[in-house]
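> Need coordinates for the following:
(one chain, ligands or ions: 1)
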Amino acid sequence: MTPAARIASAIEILDRVLAGHPAEQSLLRWSRASRFAGSGDRAAVRDLVFEALRRRNSLAALGGGCDGRRLMIGMLRDGDTDPDTVFTGMGHAPAALSDAERHQGVDSPPVIDLPEWILPFWRESLGEEADRIAALMGQRAPVWLRVNGRKSSVEQALAALADDGVEAKADDRLEGALQVTSGERRIARSGAYLEGLVELQDLSPQMACAALPLKSGDRVLDYCAGGGGKALALACRQGGLKIDAHDADPGRMQDIPARAARAGVSIRLTDRVAGKYQLVVADVPCSGSGTWRRSPDAKWRLDEKNLDNLTATQSQILDSCSKFVAPAGHLAYMTCSLLDEENDRQIAAFLSRNDRFSLISRQLWTPVTASDGFFLALLQRNP
Ligand SMILES: C[S@@+](CC[C@H](N)C(=O)[O-])C[C@H]1O[C@@H](n2cnc3c(N)ncnc32)[C@H](O)[C@@H]1O
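Numbers count the residues shown, from 1 in each chain. Coordinates of the predicted model:
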């Protein structure tokens, strides 16, 4: 496909996403209908769509409106390319610009790439860093790997990745965290990944998992286990744990057995939680506002009602899973959100209705201090 034909495809997909369809599903639908597109074309079109969604407001301002066509016009202007050179109407290129399109948006002032309604929440949560973090959320997210210390040293993992064309570098902030610098699309087929030497996990949740108290013999409950990212990180960090994974939707845990086998660890899936645990992890459903670089369409789909529903679910989960914490045991509440409503406020409300727990520590990682936005509150049940 020519660069102009890729832009024409991105326009078609963006119009579908802007009409309310999820981005991944819209990309898949386009891929299936576009057998002529090679893997390079698919990756390039995906990048265009995601970039446009991450910076939807800025590009709409530069392009003169918020539809696929004008977002792409805005993106070309942002990259100092004259849209007339791409919107030619020739071959598979998008139709030529109208006079109105040629003039709209050209001198637009900078805007913030967040939905208007969320700005007060965002600013209150992030204070002086709010605008900087919003701008970072408009950029592409780096890919991070976690070295599985049960199977590999950092040096062995780096060498094995390099053998398969994946370059990565270690990071001072956390031993075993690798930032991928090139070849990210080769990871899933690399020997290092298939043999469980490394697992995909962002730096911020890796840092949160590294901060949890663990000792051999502990019973650990991952109460909202989903695909098992946190349970796996804990099992790889400390031997001798008895880890149970639970989820309200057990189907979401279907990948855990294969991931655990690859990592060489044992995680038991359970739909009936019983007894007490030294550590309960509640990685609750949330707005995902800390990961909007990776799933930028979610940023525009969230509304105040969804946020209210999420905070209600989070407080119910805290109440339910806290019952499984052993005396003197810990409860780790996690979100991949940057919003106070889902983080400190949720914890303050839990502590106000539950005097058996005390707050030991809390931390919010952001793209300024780590990578994705991620929150951890570590609570301890009184002995
Ligand atoms: C943020 S995701 C978990 C991600 C996962 N821990 C990981 O690292 O891959 C939240 C999970 O909570 C589950 N969930 C939602 N409501 C729940 C509830 N009331 N009790 C337990 N799990 C729930 C969802 O099905 C979803 O899989």
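> Would you state the predicted confidence (pLDDT) at Leu203?
Per-residue pLDDT puts Leu203 at 98.
> ugh, wrong one, Ser39
Value listed for Ser39 in the pLDDT field: 91.
> contacting residues around Gln139?
By C-beta atoms under 8 Å, 6 or more residues apart in numbering, Gln139 lies in contact with Arg54, Arg293, Pro367. Every residue, glycine included, has its C-beta placed from N, CA and C.
> how deep is the last one tucked in, by neighbour count?
Neighbourhood size, Pro367 [other C-beta atoms under 10 Å]: 22.
> How about it, nearest residue that isn't a chain neighbour?
Spatial nearest neighbour of Pro367, excluding adjacent residues (C-beta to C-beta, 6 or more residues apart in numbering): Leu136 at 4.0 Å.
> I figured the one you found was touching Ser371, is that so?
No - checked against C-beta atoms under 8 Å, the pair Leu136 and Ser371 is beyond contact range at 9.9 Å.
> the more surrounded of these two?
Ranked by neighbour count (other C-beta under 10 Å), Leu136 and Ser371 place Ser371 first, with 27 against 16.
> sec struct for that one, please.
For Ser371, the assignment made with DSSP: H, G, I helix; E, B strand; the rest coil gives coil.
> Now intersect the contacts of Gln139 with the helices, please.
Under the assignment DSSP state H, the contacts of Gln139 contribute Arg54 to helices.
> Of the contacts of Gln139, which is the nearest to the ligand?
Arg293 (16.4 Å; C-beta to the nearest ligand atom).
> Let me see the contact set for that closest one.
Contacts of Arg293 by C-beta under 8 Å, 6+ apart are Arg54, Leu136, Met137, Gly138, Gln139, Arg140, Ala141, Pro367, Asp372.
> before we move on, what about Arg42?
Counting by C-beta under 8 Å, 6+ apart, the residues that Arg42 touches are Leu27, Ser31.
> Quick check: what element follows the host helix or strand of it along the chain?
Element membership for Arg42, per DSSP states H and E: helix 39-54. Sequence order places helix 56-63 as the next helix or strand after helix 39-54, per DSSP H and E.
> what's the distance between that next one and the middle of its chain?
Averaging C-alpha positions (C-alpha atoms, centre = their mean, to the nearest Å) puts helix 56-63 23 Å from its chain's average.
> One more: stretch 340-347?
On C-alpha atoms, centre = their mean, the centre of stretch 340-347 falls 19 Å from that of its chain.
> which outside residues touch that stretch?
The contact list for stretch 340-347 (C-beta under 8 Å, 6+ apart) reads 121, 124-125, 284, 286-287, 307, 310-311, 314-315, 318, 333, 335, 337, 359, 362, 364, 375, 377, 379.
> Gly64 touches Gln104, doesn't it?
Yes - Gly64 lies in contact with Gln104 (C-beta under 8 Å); the separation is 2.6 Å.
> okay, and the common contacts of those two?
Residues touching both Gly64 and Gln104 (C-beta under 8 Å, 6+ apart): Arg70.
> Return the residues of this structure in contact with the ligand.
Selection of the chain residues close to the ligand by C-beta under 6 Å from any ligand atom yields 223-230, 247-249, 252, 283, 285, 313, 317.
> Next step: the contacts of Arg293 restricted to strands.
Using DSSP state E, no member of the contacts of Arg293 sits in strands.
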